[in-house]
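Q: Fold the stuff below for me.
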Amino acid sequence: MLLTNLRRYRLAALAVVVVIALGVAALFTSLNPWRANATNPAKPATETGGNRQEADVRTQSSPAALHAEGWDCLYVVHAVHCAEPGALATITSGTAEKFTVLVFDTMDPESSDAPFLGKEVNIRADLFQGQPCPTDPPTREYTYLPDIGVPFEYYGCHKFDSPL
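A: Below you'll find the predicted structure:
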């Protein structure tokens, strides 16, 4: 009987911790200055050096909208990452020297209302020179993608507060 009560208390305590954690996560998400909304829509990546000009940013605010315009959006590690049209082939082949993806706080690559987290700049491993990533707290360093399970020889710099 005592063991059953102890298990119930532990389960109740765990439930309280989960509810608090979800509340804190929701608070931080609502305070995220990079998320897309009417005054701060997601913008297409321009650091890729590609031919794509900045499109109408009102249509660039979700993975679904980007996918409709030919972008490739994939769930990778912790969020959906969207690459400009044609970029995925050069990324997977390792021929892209540098590319930028737009990152959304969702696991659904077809989401039409995912909060925009920010951009991620990626540099091919053989070209990476150990430069800092001042926009990626807490380490302020580029992340070696194979170290987090991404099978591409690139280093990534998040232009937002990333959980990695």
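Q: Please report how far the nearest residue to Val76 once chain neighbours are set aside lies from Thr106.
A: Nearest residue to Val76 in three dimensions, chain neighbours excluded: Val150, at 6.2 Å (C-beta to C-beta, 6 or more residues apart in numbering). To be clear about C-beta, it is placed using only N, CA and C from the backbone, and glycine gets the same treatment. The gap separating Val150 from Thr106 is 18 Å, by C-beta to C-beta, to the nearest Å.
Q: of the two, who's got more company?
A: The neighbour comparison of Val150 against Thr106 (other C-beta atoms under 10 Å) goes to Thr106, with 19 against 16.
Q: any idea what sits nearest the more buried one, other than its immediate chain neighbours?
A: Leaving aside its sequence neighbours, Thr106 sits nearest to Ala114 (C-beta to C-beta, 6+ apart; 3.5 Å).
Q: same question, Leu66
A: Of all residues not flanking Leu66 in the chain, Cys82 sits nearest, at 4.6 Å (C-beta to C-beta, 6+ apart).
Q: Equivalent analysis for Leu88, please.
A: Ranked by C-beta to C-beta, 6+ apart and with sequence neighbours excluded, the top spatial neighbour of Leu88 is Asp72, at 4.2 Å.
Q: So what sits opposite that neighbour in the bridge?
A: Ala83 (DSSP bridges).
Q: What is the burial count for it?
A: A count of neighbours around Asp72, defined by other C-beta under 10 Å, yields 20.
Q: if we can go back for a sec, quick one: the residue nearest to Val76 and His78 touch, right?
A: No. Look at Val150 against His78 with C-beta atoms under 8 Å: they stay out of range, at 10.9 Å.
Q: Distance of Ile91 relative to Pro163?
A: Applying C-beta to C-beta to Ile91 and Pro163 gives a distance of 22 Å.
Q: out of those two, which sits in the more crowded spot?
A: With neighbours defined as other C-beta under 10 Å, Ile91 and Pro163 compare such that Ile91 has more, 17 against 8.
Q: Alright, I will stop here.
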